[in-house]
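Asker: Got a predicted model here, sequence first, then my questions.
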Amino acid sequence: QVQLVESGGGSVQPGGSLRLSCAASGRFFGIYTMGWHRQAPGLQRELVTSITRNGNTNYADSVAGRFTISKDNAKNTVYLQMNSLKPEDTAVYYCKVDAKETLWSAVSDYWGQGTQVTVSS
C-alpha cells in the first residue's frame, strides 16, 4: 500500500508563491508518474501538472510558466512550486502517484488527502 502525505498549502495574496510537497511511503515496488490535480468549488478535478519516471513534465495551459513540478527520487517526494498565483488558482490540490506494489502488480493510482490553496487579497 502507498501512503501520500501532502504539505505546504495555505493562503497567499495574488502574485505570491507557495510550494507544495507530497511524500510517498509504504511498501511498493516502484513509482511511475507523479502529479498534482486540483479541484475548485463546483468544478471537476483537473490535472495541473505531472512528471514521469524519466523526468518528462506536462503542464495545464493555465499554469504553464508559473508552476514548476519537480521530484526527489531518493525521498519519493514530488514538489509543486507555484509562483505568480492568481485568485483562479484557489482550489484543493491533490497529489497523485502511479505505483506498483509488487513486481507483478498492475500500476495503480494513489491520491493524497488534499491541501487547500487560497489566493485572495
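Answerer: Cool, the structure landed. Remember, it's a predicted structure, so these values are computed and weren't measured experimentally. Numbering: from 1, shown residues only.
Asker: what helix or strand is residue 35 on?
Answerer: Using DSSP states H and E, residue 35 falls within strand 30-39.
Asker: so after that strand, what's the next helix or strand?
Answerer: Downstream of strand 30-39 (by DSSP H and E), the next one is strand 46-51.
Asker: Could you export that following strand as CSV, CA atoms only?
Answerer: Presented in CSV, the C-alpha positions along strand 46-51 are these (Å, rounded to 0.1, in the frame of the first residue of the first chain):
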residue,chain,number,x,y,z
GLU,A,46,-8.4,18.8,-13.2
LEU,A,47,-4.8,17.9,-13.9
VAL,A,48,-2.4,20.7,-13.1
THR,A,49,0.9,19.0,-13.9
SER,A,50,2.7,15.7,-13.9
ILE,A,51,6.2,14.3,-14.1
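Asker: That strand relative to strand 30-39, how many degrees between them?
Answerer: In terms of direction (axes from the mean of the first three to the mean of the last three Cα atoms, to 10 degrees), strand 46-51 departs from strand 30-39 by 150 degrees.
Asker: re the thing from before, if you average pLDDT over the strand holding residue 35, what comes out?
Answerer: The pLDDT scores in strand 30-39 average 96.
Asker: Quick check: chain neighbours aside, which residue is closest to the residue positioned nearest the centre of the chain?
Answerer: Most central in the chain under Cα atoms, centre = their mean is residue 36, positioned 2.6 Å from the mean C-alpha point. Closest residue in space to residue 36, ignoring its immediate chain neighbours: residue 48 at 4.5 Å, by Cβ to Cβ, 6 or more residues apart in numbering. C-beta coordinates here come from the backbone N, C-alpha and C atoms, glycine included.
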